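Trainee: Here is my input, please return the structure:
(chains A and B)
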Amino acid sequence: MQGHYIYGIVSFPPELSGEIPGLGGNPARLLPRGDVAAVVSRSTLTSWPLDDAHLTLHEAVVEEVMKSRPILPARFNTLLRTEEAVIALLDERARDFRLALERVRGRVEMGLRVLWEPPGESEVPADQEIEGGGPGTEYLSRRLKEEWHRAKLLQAGERLIQELDAPLRSLAIESRLQRFPTNRFLIAGAYLVDRHRVDAFREGVMTARERFPRLRFLLTGPWPPYHFVNGAPDGTVHAFAA
Amino acid sequence: MERSIGAVPRRINADPERVEQGLAKLVLTLIELLRRLLEKQALRRIEGGSLTPDEIERMGLTFLRLEAKMTELKTHFGLKAEDLNLDLGPLGELL
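Mentor: Next up is the predicted model:
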């Protein structure tokens, strides 16, 4: 079966300059409709294996296109069966795409993950203890303590997040922060940054590093603006989510 | 609008062997959600001091038994604790 693999949405014109190899060796091309276009390549598969090689290729196409114009990157494995379906998508979402393209023009995404050592268990105050009782009381008493520790931990984490995010947010246009995505991670964040302020943003992260020597910072980017293709504040929705 | 081809097969699993497990996963996830809500409620009432020691003990025993039963059912259907969840898409995960 034939399908059309979508890498992203761009404004149109101009045409792509030069050939960009896409998934399965099929060249990426533009499928325009009015003033927007989809970056697509023909696909013999309805779903591509989610591995490094294929993800890298998807990313390479997006980055190559991004060199010359803003792009709304599509989620990996976004496919439509027919050209008509792609055109219909462009028709249906033209306004959203135009607005989103304006928003990301001249901007890139910086990824920031921060690891922390959650504070250890501290003394539980007396009013959180339940005296005496059997196994049922013991169980609820234990749960009560766990909840208390968890609340303290989140409070401490939230304070840290506020302190380190504030200066970074002032260097960015927008941010999407996932708080406590796992036990070890304090935040997984994406910041939409003006291209010419990328260095300033990096310096901002360096300053945060010095200020919080016990935290570990993993800064990546610049990336295509994967987390800013629409208005959803949680960063999980992409341009093609229904 | 035609949905992306990739999005559909992920959600539909018509393999009859796995339908039972899928159903058990859904039902147990909902029970787990209720259990956590009730437990939170109970903890709040204990903190508020509105329960007698007797009531606390009985409630605690109920939660203990429910937890034991859940463990038994999860084992029976070959499910792990982290399996009991629902991906709510843009809303994140249920539990």
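Trainee: quick one: terminal-to-terminal distance for stretch B:72-86?
Mentor: In stretch B:72-86, first residue to last residue: 21 Å (C-alpha to C-alpha, to the nearest Å).
Trainee: Can you name the residues in contact with it?
Mentor: With contact meaning C-beta atoms under 8 Å, 6 or more residues apart in numbering or on different chains, stretch B:72-86 is reached by B:20-21, B:24-26, B:28-29, B:32, B:93-95. All C-beta spots, glycine's among them, are computed from the backbone N, C-alpha and C.
Trainee: Only the buried residues of stretch A:148-160, if you could.
Mentor: A:148-149, A:153, A:157, A:160 (16 or more other C-beta atoms under 10 Å in any protein chain shown).
Trainee: repeat for stretch A:106-115
Mentor: A:107-114.
Trainee: Could you pull up phi and psi at residue A:182?
Mentor: phi -140, psi 180 (degrees, to the nearest 10).
Trainee: need the helix or strand of chain B with the lowest average pLDDT.
Mentor: Ranking every helix and strand in chain B by mean pLDDT, DSSP states H and E puts helix B:16-48 at the bottom, with a mean of 87.
Trainee: Average pLDDT for the next helix or strand after that one, rounded please.
Mentor: Note on helix B:16-48: by DSSP states H and E, the next helix or strand toward the C-terminus is helix B:53-76. Helix B:53-76 carries an average pLDDT of 91.
Trainee: Within reach of chain B, which of the buried residues of stretch A:106-115 are there?
Mentor: With the criterion set as C-beta under 8 Å from any C-beta of the partner chain, no member of the buried residues of stretch A:106-115 is near chain B.
Trainee: what about stretch A:50-66, near chain B?
Mentor: No - on the criterion C-beta under 8 Å from any C-beta, stretch A:50-66 is out of touch with chain B, staying 10.1 Å away.
Trainee: from the contacts of stretch B:72-86, which two are the most distant?
Mentor: Greatest spatial distance in the contacts of stretch B:72-86: B:20 and B:93, 23.1 Å, computed using C-beta to C-beta.
Trainee: longest helix anywhere in chain A?
Mentor: helix A:135-169 (DSSP state H).
Trainee: What helices and strands are in contact with that one?
Mentor: Applying 3 or more C-beta pairs under 8 Å, 6 or more residues apart in numbering or on different chains; DSSP states H and E, we find helix A:135-169 packed against strand A:174-179, strand A:185-194, helix A:198-211, helix B:16-48, helix B:53-76.
Trainee: Could you dump the ones you listed into CSV and include distance to residue A:62 and mean neighbour count?
Mentor: As requested, the helices and strands packed on helix A:135-169 are arranged in CSV below (distance: least, C-beta to C-beta, whole Å; neighbours: other C-beta atoms under 10 Å in any protein chain shown):
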stretch, distance to residue A:62, mean neighbour count
strand A:174-179, 18, 18
strand A:185-194, 15, 22
helix A:198-211, 17, 15
helix B:16-48, 35, 14
helix B:53-76, 41, 15
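Trainee: Adding distance to residue A:24, write these out as CSV.
Mentor: CSV is the format used below for the helices and strands packed on helix A:135-169 (distance: least, C-beta to C-beta, whole Å):
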stretch, distance to residue A:24
strand A:174-179, 32
strand A:185-194, 29
helix A:198-211, 33
helix B:16-48, 31
helix B:53-76, 41
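Trainee: rewinding a little: what separates the least confident helix or strand of chain B from the chain centre, distance-wise?
Mentor: 3 Å (C-alpha atoms, centre = their mean, to the nearest Å).
Trainee: can you check stretch A:38-58 too?
Mentor: Worked out by C-alpha atoms, centre = their mean, stretch A:38-58 lies 19 Å from the chain centre.
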